[in-house]
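[1] Curious how this folds, go ahead:
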Amino acid sequence: MKLIVLDRDGVINEDSDEYIKSVDEWVPIAGSMDAIARLNRGGYRVVVATNQSGISRGMFDLETLSAMHKKMHELASVAGAHIEGIFFCPHGPDDKCGCRKPKPGLFQEIQARTGFDLDGVPCVGDSLRDLQAGASMGCAPFLVKSGKGKKTFDKNKEELPAGTLVFDNLAAVAEHLVPDDPFANNR
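    Numbers count the residues shown, from 1 in each chain. Model prediction:
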């Protein structure tokens with residue numbers, strides 16, 4: 001088995017500058033659930049690492065976040081996909097925590113809980129901080145142009161971690177990592 005770490009907003013679901021604050025606002029990006037299923041069929045265990053500062057900002061609570069993640073798990077299941085774990089930072093940018101990306105805390109927790117050495121593990125994000133957090137633990141950085149990814153690429157191209165691969169969306173990443181998925185070709 002292999003491991004892959006995905007950011008949530010802008011990679012799996014639509015993102016918003018106003019934050020995703022409710023279950024109704026949590027809408028998957030077209031093809032993202034099928035992409036996770038393809039990764040699973042290719043032998044990848046999928047985990048999510050996400051900053052959720054809307055909690056510390058008082059925009060939503062842990063119960064609402066849990067309901068959003070329940071919806072994500074249910075939609076993944078419908079697509080034949082499985083998300084093994086969700087690791088989130090509830091802190092704001094001024095909270096001085098160690099888990100808010102670009103700090104490595106979420107990735108350290110993933111490594112501790114899964115037992116995987118993260119060196120070379122794909123890390124998919126739409127922001128510079130997603131990739132920096134993963135790269136700090138040796139992950140292979142993948143930038144998607146969905147969500148804030150196109151803006152990240154246009155404005156921060158020179159700052160991307162060495163070896164960053166760039167794709168349009170999670171579906172393109174899954175196709176790259178699992179090119180010989182016969183199920184995907186029959187859909």
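[2] Quick check: residue 48 touching residue 13?
    No: using C-beta atoms under 8 Å, residue 48 is not in contact with residue 13; the gap is 10.3 Å. Glycine gets a C-beta too; all of them are placed from N, C-alpha and C.
[3] From residue 53, how far off is residue 150?
    The gap separating residue 150 from residue 53 is 22 Å, by C-beta to C-beta, to the nearest Å.
[4] cool, and residue 125?
    Remark: distance between residue 125 and residue 53 (C-beta to C-beta) = 16 Å.
[5] For these two, indicate the residue with more neighbours.
    Per other C-beta atoms under 10 Å, whichever of residue 125 and residue 53 has more neighbours is residue 125, with 31 against 17.
[6] so who does that one touch?
    Each residue near residue 125 by C-beta atoms under 8 Å, 6 or more residues apart in numbering is listed here: 6, 7, 10, 11, 131, 134, 141, 142, 143, 144, 149.
[7] is it fair to say residue 4 lies in a strand?
    Yes: judged by DSSP: H, G, I helix; E, B strand; the rest coil, residue 4 forms part of a strand.
[8] I'd say it and residue 39 touch.
    Yes: contact status for residue 4 versus residue 39: in contact at 5.9 Å, counting by C-beta under 8 Å.
[9] which residues do those two both contact?
    Common neighbours of residue 4 and residue 39, using C-beta under 8 Å, 6+ apart, are 46, 177.
[10] picking up where we left off before, which one among the contacts of residue 125 gets closest to residue 171?
    residue 144 (9.3 Å; C-beta to C-beta).
[11] Look up how far residue 153 lies from the closest one.
    For residue 144, the distance to residue 153 - C-beta to C-beta - is 9 Å.
[12] for residue 41, same thing?
    Counting by C-beta to C-beta, the gap from residue 41 to residue 153 is 28 Å.
[13] before we move on, what about residue 169?
    13 Å.
[14] helix/strand/coil for the residue nearest to residue 91 when sequence neighbours are not counted?
    Setting aside the residues directly before and after it, residue 91 is nearest to residue 97 in space (C-beta to C-beta, 6 or more residues apart in numbering), at 4.2 Å. Secondary structure assignment for residue 97 (three-state DSSP): coil.
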